[in-house]
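Asks: could you work out the structure for the sequence below:
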Amino acid sequence: MKFIHTSDWHIGRQLHNQSLLDDQRHVLAQIIELAKANQVDALVVAGDIYDRSVPPANAVALLDDVLNQVVNDLGIPAILIAGNHDGHERLGFASRQMLGSGLHIIGPISDTVLPIKVGSASGDALFYPLPYAEPATVRHLFECDVSSHEAAMAKLLEQISEHDSQGLPKVVISHCFLDGGSESDSERPLSIGGADKISPSLFADFSYTALGHLHGPQYKGEEHIRYSGSILKYSFSEQHQNKSVTLVEIDASGKASVELLPLTPMRDVRIIEGLLDELLTLGVSDPHREDYLMVRLADKNAILDAMGKLRAVYPNVLHLERTGLMAQSEQLAIRSDHIKKGEFEMFSDFFSQVAGESMSDEQKQLMTDILDSLHKAEDNQ
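Replies: This next block holds a predicted model:
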């Protein structure tokens with residue numbers, strides 16, 4: 001059994017107001033070619049298919065084209081689950097009608113986890129899709145007392161552990177945040193205060209766990225519990241990540257082996273820094289000057305239209321920082337410190353400074369609920 005594990009396509013995303021649709025089309029075409037070249041038995045996409053719950057029309061058209069090539073042209077079954085960025089009901093529209101074509105889209109979570117059997121010449125496997133679900137959703141569906149993401153996941157996995165696979169390997173597909181995972185700036189928090197973290201040990205007994213949410217390819221706990229990472233760099237904090245999809249092969253004994261298949265973007269995402277004149281000189285001969293760039297200027301003097309001068313050489317400068325002007329100011333350290341903190345920590349600091357004491361447990365819970373509701377309102381815009 002051989003399949004490609006990918007996730008976090010975020011179709012329709014922008015980087016500093018720059019549309020990435022053409023960049024996404026470029027790497028998605030590579031994924032189609034990799035699926036064809038490696039003669040895989042399935043394509044698994046572990047959530048965050050779109051970047052917004054109501055995706056733009058051109059994002060929907062791109063996904064439609066990709067799935068048509070995979071499922072209809074190549075005859076490869078595709079399994080997609082909803083992530084925290086996706087509109088679950090919209091993504092899952094007409095999914096029951098498409099099952100016969102080999103396209104399996106799991107939008108909202110249900111109280112029964114139905115396995116998807118994928119066949120291959122070397123043996124079959126069962127895939128168990130678990131779209132992103134809030135603890136409150138699991139609590140309502142199963143009428144059980146769960147309050148954390150870990151408790152909710154443990155409840156969902158009970159069905160999979162108890163299901164009789166008749167000796168076939170079990171592959172879990174999930175969109176969640178495993179404890180100890182390496183984050184980047186482009187990932188939206190699933191909840192406030194660390195309640196979203198899940199122990200990797202919950203997945204240890206399955207042949208393979210295909211995860212989505214974290215944008216850097218990595219494994220946690222054991223090598224068969226893996227994040228494939230996003231298909232593109234979606235923030236400058238990811239500049240050193242190497243994007244890829246994961247080729248997974250499961251042998252007759254149920255043991256999984258993996259290979260990372262690299263993806264080559266149309267344009268890289270990089271940070272460059274130095275004096276303006278030096279950067280402009282280097283840019284003339286830079287073969288990658290059309291990359292998406294953050295520029296940190298070390299000049300300490302005022303510069304007229306620094307962005308215009310830079311874009312004359314580097315057309316895709318998306319963000320400019322005048323680190324030279326700010327280097328001698330204590331405000332830089334203060335600003336950097338605040339950027340690293342989440343909303344909850346920043347409000348806690350503010351409360352302590354104003355009130356002269358820390359928040360009570362009741363006040364912390366109220367603030368957590370407010371921030372959660374604000375994040376959810378953002379998702380639905």
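Asks: just to be sure, Thr137 is in a strand?
Replies: No: Thr137 is assigned helix when assessed by DSSP: H, G, I helix; E, B strand; the rest coil, not a strand.
Asks: next one: it from Ile106, what distance?
Replies: To Ile106, Thr137 is 14 Å away according to C-beta to C-beta, to the nearest Å. Every C-beta, even on glycine, is put in place using the N, C-alpha and C of the backbone.
Asks: for those two, indicate the residue with more neighbours.
Replies: More crowded of Thr137 and Ile106, by other C-beta atoms under 10 Å: Ile106, with 23 against 16.
Asks: dihedrals phi and psi, that one?
Replies: Note on Ile106: backbone dihedrals following degrees, to the nearest 10 are phi -110, psi 110.
Asks: with Met359 instead?
Replies: phi -70, psi 150.
Asks: also Lys117?
Replies: Residue torsions, per degrees, to the nearest 10, at Lys117 are phi -90, psi 120.
Asks: mind listing what it touches?
Replies: With contact taken as C-beta atoms under 8 Å, 6 or more residues apart in numbering, Lys117 is in contact with Asp124, Ala125, Leu126, Phe127, Leu168.
Asks: at 7 Å what do you get?
Replies: Lys117 makes contacts with Asp124, Leu126, as judged by C-beta atoms under 7 Å, 6 or more residues apart in numbering.
Asks: how close does it sit to Phe127?
Replies: 8 Å.
Asks: in a helix, Val172, correct?
Replies: No: using three-state DSSP, the assignment for Val172 is strand, not a helix.
Asks: what's opposite it in the beta bridge?
Replies: Here Val172 sits in beta bridges with Tyr128, Thr209, going by DSSP bridges.
Asks: burial measure for it, as a count.
Replies: Neighbourhood size, Val172 [other C-beta under 10 Å]: 26.
Asks: now swap in Leu62 and tell me
Replies: 21.
Asks: repeat that for Asn316.
Replies: 15.
Asks: low pLDDT regions in the stretch 251-381 of the chain?
Replies: 327-342, 377-381 (pLDDT under 70).
Asks: that one: strands as residue ranges?
Replies: Under the criterion DSSP state E, counting those that start in this stretch, the stretch 251-381 of the chain contains strands at 256-262, 269-274, 292-297, 317-321.
Asks: ok, and the closest non-adjacent residue to Ser358?
Replies: Nearest residue to Ser358 in three dimensions, chain neighbours excluded: Ser352, at 5.7 Å (C-beta to C-beta, 6 or more residues apart in numbering).
Asks: the top helix by length along the chain packs against which elements?
Replies: When the chain is parsed with DSSP state H, its longest helix is helix 361-379. Helices and strands touching helix 361-379, by 3 or more C-beta pairs under 7 Å, 6 or more residues apart in numbering; DSSP states H and E, are helix 343-355.
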